[in-house]
Each structure stands twice: as C-alpha cells, then as structure tokens.
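Peer 1: Provided below are the primary sequence and the corresponding predicted coordinates.
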Amino acid sequence: MKRLEFSHPRMNREFNTIQCMIRMYCRKHHNTRHEFCPECAELLEYARARLGKCLFQEGKTTCAKCPVHCYKPAMREQARAVMRFAGPRMIYHHPILTFWHYIDGRREEPIKKD
C-alpha cells in the first residue's frame, strides 16, 4: 500500500497508526503476509477517505473521543474489532506511534479547522 500524504504531519501519523493496526489484525486473522486481504484493504481505504474529510484535521483528538462519528456503523464496528485486537499489541510493535496516539487522546476536545 502506498503512503498517502495529508496536509499535516498529524494526519499522516493518524493514517500510519490505523494502517499498522489493520496490518497486525490482517496478518493474524486472515493469514496475510505482505498485502492486505480485500476486507482489510477496504477498511484502510475507507479510513483514509474519512481522515481526508475530517473536520478537525490536525486539531483532532482520537476518533473514539471525537464528537463527530463519521464512520458508517458497519465500518465502525469493523474498525473497533481491529483496534480491540491491535491496540494492546501496539506498544510492543510500534511504541512511538502508541506514545503519540496516547498524547493525541489526552486532548480535551478537538480544535476545529478554520
């Protein structure tokens, strides 16, 4: 999967975090090695599209704390399953992304983009 460039490093980091989580989930649950299965590739593309349209952009908190739920219910449940699996394992595989995700989650509320 190619890396997409968002307008702000914060959004790139958010995309990299969800991409790593989906990769971990897909490897374990769908026995993939280098590529995503079609279901996980669809979730990743959906997450990329949602991040691109986020109202808060670089001012966003984590999606779980966001007041605007922009995922469709089915995709939201799929993302939750991925995060439930990958979240506890991220500290071992991607400690720096985990640290920044924790810092981003500490924001009281998102800052709306002008």
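Peer 2: All right, it came through fine.
Peer 1: Please list all residues in contact with R106.
Peer 2: R106 makes contact with no residue, according to CB atoms under 8 Å, 6 or more residues apart in numbering. Placement of C-beta: from N, CA and C, glycine included.
Peer 1: so what pLDDT did it get?
Peer 2: Looking at R106, its pLDDT stands at 85.
Peer 1: do the same with R3
Peer 2: 53.
Peer 1: and what of H8?
Peer 2: For H8, the predicted pLDDT is 82.
Peer 1: cool, and K113?
Peer 2: K113 is given a pLDDT of 61.
Peer 1: For the remainder of this discussion, apply numbering that starts at 20.
Peer 2: Yep, numbering from 20; the last one is K132 now.
Peer 1: okay, and the helix or strand of this protein with the least pLDDT?
Peer 2: Ranked by mean pLDDT, DSSP states H and E, the weakest helix or strand in the chain is helix 114-124, scoring a mean of 90.
Peer 1: Return the distance of that helix from the chain's centre.
Peer 2: 12 Å (CA atoms, centre = their mean, to the nearest Å).
Peer 1: can you count the residues close to the nearest residue to H88 once chain neighbours are set aside?
Peer 2: Nearest residue to H88, sequence neighbours excluded (CB to CB, 6 or more residues apart in numbering): R95, at 6.9 Å. Residues within reach of R95, counting by other CB atoms under 10 Å, total 13.
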